[in-house]
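In: got a predicted model here, sequence first, then my questions.
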Amino acid sequence: MRPLAKTRGAGFDPRGSIVVVALSQNCHMSHKPALRPDFAVGEAMREVAHAILADARKAIDSPDNSDAVAVHEFRRAMKHWRALLRLLAPFLGDESEGLQAAARDLARDLGGARDLQSALEALQDLEEHDLPLPDRSLKTVRKRINDLRTAGEMNALNADMRLRIAQALADAEVAINRWPIRDLRFHDVAKQLAASYREARDAVPERWSHAGPEALHELRKLVVIHRYQMQVVQPLWKRFTKMWIAEAQKLRERLGEHQDLEVLRALTEPGQPLAFWHSKFDRPIDARKRRLVAAAKKVATRMFVDKPGAFRRRLIVMWKTG
């Protein structure tokens, strides 16, 4: 991570960004990059972007990571990266779309093995909730999924893919340095965070029991985006933002577990590797999905109680008192 550019002076500048005498580099480096009233907003966002790409590069380059771990951590970093790009999209112009498309393509091309890992996690979840399969059948099912996952991992993170990732990250680093965000104000960021909140809130089903997998998957994607975007304001009110991000993560997990069950169900359809056990999985999957939907509804009801305008005003107060 590189230190933020130092700022001089104190008080509010004409554009609304707070600038004060800079903290020392060592003091700044002790914090994870995020928005703070003692640093210019645009430069703080630039540092957040560099930190996300550093996480992505570490995921791929770390010798301690297996291919499976590397893919998982890289795809997680790309979700964080794309969430930041969406937050800054109105200020970046066409470049935001190109960077988002590149990140999306990389994550998608690495997603096959991850889907099979999701199926394994769904299988384990069902095992913990009385899946009516004998141990011998469970071992066979697990082995089939594992074999498919291993084959996918071997083909996913090959030399060509590593080269594509390295080039994409290098291009993104160059792009960050030319982003026209020097005059960015916190009010601009708050407006975008509120828009993200509104989009996720609007995706909450009116009748959860009638919500299909596609609608719940779309809600999950929007919650993931909002959850990562909220990290940029975490230092402003640590207790509140920690709680908020935890709630968003909880909702993400419930909806993610629901999606994992859909992935597992697809493997039991006719012509698929687990088709022989379709009748054994169908009812347990439906029962488990109902419980997950009920749990997700409780979290979402708490999380989206405020209207977007109230949410935005809360952010502004956090900034002014931060």
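Out: Here it is on my side, so go on. Residues are numbered from 1 along each chain as shown.
In: how much space between the residue lying closest to E199 once chain neighbours are set aside and R207?
Out: Residue nearest to E199 in three dimensions, not counting chain neighbours: L222, with 5.5 Å by CB to CB, 6 or more residues apart in numbering. Where C-beta positions appear, they are placed from N, C-alpha and C, glycine not excepted. Look at L222 and R207: by CB to CB, to the nearest Å, they are 18 Å apart.
In: the more surrounded of those two?
Out: Shown here are L222 and R207; by other CB atoms under 10 Å, L222 has more neighbours (19 against 6).
In: helix or strand right after the helix or strand of the chain with the lowest mean pLDDT?
Out: Using mean pLDDT, DSSP states H and E, helix 25-29 stands out as the lowest-scoring helix or strand of the chain, at a mean of 37. Next in sequence after helix 25-29, counting helices and strands by DSSP states H and E, comes helix 41-61.
In: and that next one, what does it pack against?
Out: In terms of contacts (3 or more CB pairs under 8 Å, 6 or more residues apart in numbering; DSSP states H and E), helix 41-61 is packed against helix 67-92, helix 159-177, helix 186-202.
In: any idea how far the first one is from the middle of the chain?
Out: Think helix 67-92. Mean C-alpha position of helix 67-92 versus that of the full chain (CA atoms, centre = their mean, to the nearest Å) differs by 7 Å.
In: and it, what's buried?
Out: Of the residues in helix 67-92, 67-68, 70-89, 91-92 count as buried by neighbour count, 16 or more other CB atoms under 10 Å.
In: the last one too?
Out: Along helix 186-202, the positions that meet the burial threshold by neighbour count (16+ other CB under 10 Å) are 186, 188-201.
In: what's the closest of those residues to L120?
Out: Comparing these against L120 with CB to CB places A200 closest, at 28.2 Å.
In: now do the contacts for that closest one.
Out: Counting by CB atoms under 8 Å, 6 or more residues apart in numbering, A200 touches L219, L222, V223, I225, H226, F304.
In: got a winner among the residues you listed for most neighbours?
Out: Ranking the contacts of A200 using other CB under 10 Å puts V223 first, with 30 neighbours.
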